[in-house]
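In: Dropping the sequence and predicted coords here.
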Amino acid sequence: MVKKNAKQITIDFLNAVLQHDLQHPIQDITFTQTEMSPENESDKLTRLDVTCVLDTTEQVDVEVQVVNHKDMARRTLYYWAQLYLMSLPAGKHYRDLKPSITVNILKFKLLPQANPYSMWSIYNQETGDRLNKDLTLHFLEIPKYAKKPIAEMTKMERWLAYFANQLDDKEKEELSMTDAAIQSAMKAARIFLNNTEERRRYINREMSIMDYNSDHENARAEGRAEGERNMEITIVKRMLLKHKPLNEIIDVVAWPKERILTFAKENNLSIPE
């Protein structure tokens, strides 16, 4: 029953995201096990994905990215390429390649436009003609979601509201009464959180992500501090080589006189009078 609900929820979500471009409703999907593996250990932690094949043979990879690695555009192309390559069995022809679609649900801002949803493909820059539909990338940037009355939301916006998790209890109830698939998703989430083992895994994962973010922020801070120290050393060395007076060097880098004298001695630089 849970798997059946997951399938219906996924179909509903994909219809909300893909139907305009596909120009036909998705009736059925088959979940697949792909051989795609994360590029590194951090991907295992910060990337979740579900892959499936539509009833019309298109392949879809739905990814949830919780950490901005600063190279998301190339990463999604890399994973799309793996999906596309794996659609061609050995010995088959290029015509047997299957259109491949990635849907990226991001918990950070990435792209320049204000709209939280965007679709990317390959087009002729002059004419706007599309090469084909084999490469299609969809992005949902959750932080760009702007609240509005639920009655005015499109299907896509209702899913964005669900993912953003910014609704109060009354709004959540209204959303669940408006959209059966989202109601099922909310129920599945409650069942998930009532499972002690699943909840433990979820909490451990969240803690690991926070540790990951903290470690990287500390590393960036240390890198900035190291850069500042290196810059000060360069400035002091240049000023000593130009025989600038000590009081001028102190004003620029805020080093004590003793430190400047020691630095000059260690580097065989003449000490200003």
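Out: That came through, no problem.
In: Give the rounded mean pLDDT of stretch 117-132.
Out: For stretch 117-132, mean pLDDT rounds to 97.
In: Show me what counts as buried in that stretch.
Out: Neighbour-count burial for stretch 117-132 flags Tyr117, Ser118, Trp120 (criterion: 16 or more other Cβ atoms under 10 Å). C-betas here are computed from N, CA, C, even on glycine.
In: Identify the residues contacting that stretch?
Out: Stretch 117-132 has contacts (Cβ atoms under 8 Å, 6 or more residues apart in numbering) with 17, 21, 99, 111, 133, 135-141, 156, 160.
In: what about Met72, distance to Leu14?
Out: Counting by Cβ to Cβ, to the nearest Å, the separation of Met72 from Leu14 is 21 Å.
In: Give me the more crowded residue out of those two.
Out: Leu14 (22 against 18; other Cβ atoms under 10 Å).
In: Count the residues that sit near the closest residue to that one other than its chain neighbours.
Out: Leaving out its chain neighbours, the residue that sits closest to Leu14 by Cβ to Cβ, 6 or more residues apart in numbering is Ile26, at 5.4 Å. A total of 21 residues lie near Ile26 under the criterion other Cβ under 10 Å.
In: isn't Ile26 right next to Leu18, touching?
Out: Yes - look at Ile26 against Leu18 with Cβ atoms under 8 Å: they come within range, at 6.9 Å.
In: Could you pull out the strands in the chain for me?
Out: 29-31, 47-54, 59-65, 100-106, 117-120, 135-141 (DSSP state E).
In: Share the number of residues neighbouring the closest residue to Lys257 other than its chain neighbours, please.
Out: Once flanking residues are discounted, Lys257 sits nearest to Leu246: 6.0 Å by Cβ to Cβ, 6+ apart. Leu246 has 17 neighbouring residues, counting by other Cβ under 10 Å.
In: Could you do Asn115 as well?
Out: Asn115 has 10 nearby residues by other Cβ under 10 Å.
In: what's near enough to touch it?
Out: Asn115 neighbours (Cβ under 8 Å, 6+ apart): Lys144.
In: Can you list the low-confidence ranges for the stretch 151-273 of the chain?
Out: Counting by pLDDT under 70, the stretch 151-273 of the chain contains low-confidence ranges at 191-228, 272-273.
In: Could I get the full set of helices for it?
Out: 155-164, 169-178, 180-194, 196-241, 246-253, 257-266 (DSSP state H, counting those that start in this stretch).
In: May I see the buried residues of the shortest one?
Out: Okay, so that is helix 246-253. Leu246, Ile249.
In: beta partners of the residue positioned nearest the centre of the chain?
Out: Central residue of the chain (Cα atoms, centre = their mean): Gln65, 3.7 Å from the mean position. Following DSSP bridges, Gln65 is listed with bridge partners Arg47, Leu106.
In: Number of residues surrounding Ile235?
Out: 14.
In: Quick check: chain neighbours aside, which residue is closest to it?
Out: Using Cβ to Cβ, 6+ apart and skipping residues adjacent in sequence, the residue nearest Ile235 is Val253, 5.7 Å away.
In: residues in contact with that neighbour?
Out: Residues in contact with Val253 (Cβ under 8 Å, 6+ apart) are Glu232, Ile235, Val236.
In: again with Asn5
Out: Contacts of Asn5 (Cβ under 8 Å, 6+ apart): Ser184, Lys187, Ala188.
In: do Met156 as well
Out: Ala16, Val17, Tyr117.
In: Might you report the residue contacts of the first one?
Out: Put plainly, it is Ala16. Thr154, Lys155, Met156, Arg158, Trp159.
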